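Visitor: The following comprises the amino acid sequence and a computationally predicted model.
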Amino acid sequence: MQITVTVNGEQHTREVEPRLLLIHFLRDELGLTGSHWGCDTSNCGACVVSLSGAPVKACTVLAAMAHGREVRTVEGLAHGDELDPVQQGFVACHGLQCGFCTPGMMMTSRWLLDRNPDPSEAEIREAISGQICRCTGYENIVRSVRWAAEHEGGARAAGETAPAEEATA
Amino acid sequence: MQVPAHVEYERASSVDHALELLARSGSEARVVAGGHSLIPMMKLRLAQPEVLIDINDLTELAYLRLEEGELCVGALTRHADLLASALVAEHFPIFRDAERVIADPIVRNWGTVGGSLCQADPSEDLSAAFAAVRATAVIQGPGGRRTVPVREFHLGPYETVVADGELLVELRVPIRPGGSSAYEKVERRAGDWPVAAAGAAVWLGENGDPTVRDVGIGLTAVGAEHFVAADAEEFLRGKAATGENFAEAGTIAAAGCNPTADQRGPADYKRHLVAELTARALRRATARAQGRQS
């Protein structure tokens, strides 16, 4: 079947099998390997991308289900040459070691900050509770998101703002 | 790498269109919404539909509203929306309690209420919650709509009364005065399926009368028939809302369920949890009904 998906603002049309998972569509069909393919069971969250404005686990969504919808991946997080404050926070606070969970963590963090610009530590931990990191013990990830919350504004004002969230209901 | 077997895909544009597609595909079709239970089962070949009918565009089924004294929950309501709803929290805090411990925020963004019930996993949380509050399921087919009490909705593991060609469209929960509800779950780690869980709804007498006029107790993951602890409900009805009676109701609920040993624990541990969680849920629901707790 033919599907058209808008990924990071660009429309892509491909002939796919209906059983193709969104994560493989992004990685294998579009070459966007920033989103990682981890546990394959919607537990680890390495594959988290934004679908219609909300983060989802792309190993458990069919590419066909994204037809006509907007997907945003970690490749679409920066604003031109300027990293998103979330990305800057992960750099500044050592929010990663091996980096496998990082793209998903950053997509969820961006979603959190778009809805709640000043999240508490507990709110950050709740937001990322469906994602597993085996390096940081989460401490530095939480710090990174807090850093982004505190430095939001400068980078956002210079670049474009995140796409408006579509209703997910 | 886990991928589903070959499958056809159709996207429904309206409820009528979904029913048309279902009629055309017969018993080989499965409806997919969030897909967070169905797609993993398809990867493992535990489910092998020939056609998937995607209902994610049926926004007319995504709503939470009050209508004629009932809370109406559209089948395509996402878990995240049930959790966030002030309306739901005001009338049935059991759903807020349960949603907080269903999977994780990312899964809750996409998974749906109707999907959870239709998947009919024997460890599913909302099935117990809807059973506790005595909800009614509204099912639409080619001949129109019919209603089924949630307590008669499940025929067994992964089996419901929703027939070929039909679609679950709504859950309705009657709002009665003097009542509140709560949900208690033990899980091995955040977001996991329950080892055991209990939901309770209590309706007390008027003007501070602490008599349990009516009560609903839902259990999940412990082999309770229709997710209900009927004997414990029977025991409590008309009795005083006291800790002793709630503890006794818990004991009766534990005796009446049928847990099996698995990687989440031995059967006697699960029975112990049922007794304790039932009593806790009853206490919390009562505290809320009396305005002592939110």
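Guide: Thanks, I have the structure now.
Visitor: In contact with the closest residue to chain A within the stretch 101-250 of chain B, which residues are there?
Guide: Residue of the stretch 101-250 of chain B nearest chain A, by Cβ to the nearest Cβ: residue B:104 (2.6 Å). For every residue, glycine as well, the C-beta is placed using N, CA and C. By Cβ atoms under 8 Å, 6 or more residues apart in numbering or on different chains, the contact set of residue B:104 is A:45, A:129, A:130, A:131, B:190, B:191.
Visitor: phi, psi of the nearest residue to it once chain neighbours are set aside?
Guide: The shortest distance from residue B:104 to any non-neighbouring residue, by Cβ to Cβ, 6 or more residues apart in numbering or on different chains, is to residue A:130 (2.6 Å). Note on residue A:130: backbone dihedrals following degrees, to the nearest 10 are phi -90, psi 20.
Visitor: now swap in the one 5 residues further on and tell me
Guide: Its backbone dihedrals place residue A:135 at phi -110, psi -50, with angles given as degrees, to the nearest 10.
Visitor: That one touches residue A:96, doesn't it?
Guide: Yes - Residue A:135 lies in contact with residue A:96 (Cβ atoms under 8 Å); the separation is 6.9 Å.
Visitor: Mind checking which of these two has more residues around it?
Guide: The residue with more neighbours, out of residue A:135 and residue A:96, is residue A:96; 20 against 16, by other Cβ atoms under 10 Å in any protein chain shown.
Visitor: Confirm that the more buried one sits in a strand.
Guide: No - read with DSSP: H, G, I helix; E, B strand; the rest coil, residue A:96 is coil and lies in no strand.
Visitor: Which residues are in contact with the residue lying closest to it once chain neighbours are set aside?
Guide: Leaving aside its sequence neighbours, residue A:96 sits nearest to residue A:102 (Cβ to Cβ, 6+ apart; 4.4 Å). Counting by Cβ under 8 Å, 6+ apart, residue A:102 touches A:74, A:90, A:95, A:96.
Visitor: measure residue A:102 to residue B:291 for me?
Guide: Residue A:102 sits 46 Å away from residue B:291, going by Cβ to Cβ, to the nearest Å.
Visitor: Run a quick neighbour tally on residue B:236.
Guide: Residue B:236 has 23 neighbouring residues, counting by other Cβ under 10 Å.
Visitor: Surely it is in contact with residue B:245?
Guide: Yes - applying Cβ under 8 Å, one finds residue B:236 in contact with residue B:245, separated by 6.2 Å.
Visitor: Spell out which residues of chain A are next to chain B.
Guide: A:1, A:17-21, A:24, A:40-42, A:45, A:48, A:51, A:54-57, A:60-62, A:64-65, A:67, A:108, A:126-127, A:129-131, A:167-169 (Cβ under 8 Å from any Cβ of the partner chain).
Visitor: pLDDT (mean, whole number) over the host helix or strand of residue B:286?
Guide: Element membership for residue B:286 (DSSP states H and E) is helix B:267-289. The average pLDDT within helix B:267-289 is 98.
Visitor: hang on, isn't residue A:47 packed against residue A:35?
Guide: Yes - in this structure, residue A:47 is within contact of residue A:35 by Cβ under 8 Å, at 5.6 Å.
Visitor: Between these two, point out the one with more neighbours.
Guide: Set residue A:47 next to residue A:35 and count neighbours by other Cβ under 10 Å: residue A:47 wins out with 30 against 24.
Visitor: Before we move on, what's the pLDDT of residue A:156?
Guide: Looking at residue A:156, its pLDDT reads 50.
Visitor: quick one, domains of chain A?
Guide: Split into domains by automatic domain parsing, chain A comes to A:2-76, A:85-158.
Visitor: re earlier: which of the residues of chain A next to chain B fall in helices?
Guide: If you go by DSSP state H, the residues of chain A next to chain B have A:24, A:108, A:126, A:127 in helices.
Visitor: Which two among these are spaced furthest apart?
Guide: Maximum pairwise distance among those (Cβ to Cβ): 29.2 Å, between A:24 and A:126.
Visitor: neighbour-wise, which of these two wins?
Guide: More crowded of residue A:24 and residue A:126, by other Cβ under 10 Å: residue A:24, with 19 against 16.
Visitor: what sits against the more buried one?
Guide: With contacts defined as Cβ under 8 Å, 6+ apart, the neighbours of residue A:24 are A:37, A:63, B:3.
Visitor: Mind giving me the ChimeraX command for buried ones among those residues?
Guide: In ChimeraX syntax, the buried subset of the contacts of residue A:24 is picked out as below (16 or more other Cβ atoms under 10 Å in any protein chain shown):
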select /A:37,63
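Visitor: Now residue 126: closest residue in space, sequence neighbours ignored.
Guide: Reading this off chain A. Distances taken as Cβ to Cβ, 6+ apart place residue B:105 nearest to residue A:126, at 6.6 Å, with adjacent residues excluded.
Visitor: try chain B instead
Guide: In space, and not counting its chain neighbours, residue B:126 is closest to residue B:116: 4.8 Å by Cβ to Cβ, 6+ apart.
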